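>>> Sequence plus predicted model, see below.
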Amino acid sequence: MRLNILPIALLLGLLSACVSTPNVPVSGTEFRLSGCPPLINCVSSESEVGLYFVEPFRLTEGLDQISWDRIKAEALALPGASLSEERFGYLELTCYSKLFHFPDVVELLVDDSGRMINVRSQSLLGIYDLGANRARVEVLRSHLEAQGLVVRTE
């Protein structure tokens, strides 16, 4: 029996969707993070859809190199995190789940004021993430709060 690979390839393409922000400029931070696809596997502070929205990180002081290095260190301390791309004001990580080693992409981007960091986290595979991306963002927020780098927006 011959297997038709086209339906399988299309399904995998649909399930993986667009994960990180496309066309990120090679320098600067004058762009926006992508929104979330119509799957329940993503959160973003730049989403206009309540289901996907998560609060941005509000910095206690304006972003400088020292605070950026501390933010980057906390992000890299997330379970299964590895650096994909980084420059002052923009960070892309891949975080792998402990049990099944599923990859998720996490992005941090400072806003124009230098006082907020927008965040986006999306699963590379699957339709639903069981809340893993929202939980990851909130763990990072808690760690940054404990370091005195961010405060909660209420």
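Great, that's in hand. Residues are numbered from 1 along each chain as shown.

>>> what sits against Phe51?
Wrong residue type there; residue 51 is Leu, not Phe. Ile40 (CB atoms under 8 Å, 6 or more residues apart in numbering). C-beta here means a position set from N, CA and C on the backbone, and glycine is covered the same way.

>>> again with His143
By CB under 8 Å, 6+ apart, the contact set of His143 is Glu74, Ala77.

>>> Pull out the buried positions in the longest helix anywhere in the chain.
Criterion DSSP state H: the longest helix present in the chain is helix 132-146. Under the neighbour-count criterion of 16 or more other CB atoms under 10 Å, helix 132-146 has Ala132, Asn133, Arg134, Arg136, Val137, Leu140, Arg141, His143, Leu144 buried.

>>> any idea how far it is from the chain center?
With CA atoms, centre = their mean, to the nearest Å as the basis, helix 132-146 stands 11 Å off its chain's centre.

>>> Return the list of strands paired to the next helix or strand after that helix, each annotated with direction.
Following helix 132-146 in sequence order, the next helix or strand is strand 150-151 (DSSP states H and E). Using DSSP bridges, the strands paired with strand 150-151 are strand 57-59 (antiparallel).

>>> Residues touching the helix or strand that the strand it pairs with is followed by, excluding its own?
Reading on from strand 57-59 to the C-terminus, the next helix or strand found by DSSP H and E is helix 65-76. Contacting residues not belonging to helix 65-76 are listed as 59, 61, 81-83, 86, 88-89, 91, 93, 106, 108, 110, 117, 140, 143-144, 147, 149 [CB under 8 Å, 6+ apart].

>>> now do 7 Å
Applying CB atoms under 7 Å, 6 or more residues apart in numbering, the contact partners of helix 65-76 are 61, 81, 83, 86, 88, 91, 93, 106, 108, 140, 143-144, 147, 149.

>>> Out of the buried residues of helix 132-146, which one has the lowest pLDDT?
Lowest pLDDT within these is found at Ala132 (93).

>>> Contacts only, for it.
Counting by CB under 7 Å, 6+ apart, Ala132 has contacts Ser97, Asp104.

>>> can you tell me how far it sits from Gly35?
19 Å (CB to CB, to the nearest Å).

>>> Gly62 too?
For Gly62, the distance to Gly35 equals 27 Å [CB to CB].

>>> so where's the protein shaky on pLDDT?
1-28, 154 (pLDDT under 70).

>>> Report the beta-bridge partners for Val150.
Residues in a beta bridge with Val150, per DSSP bridges, are Leu59.
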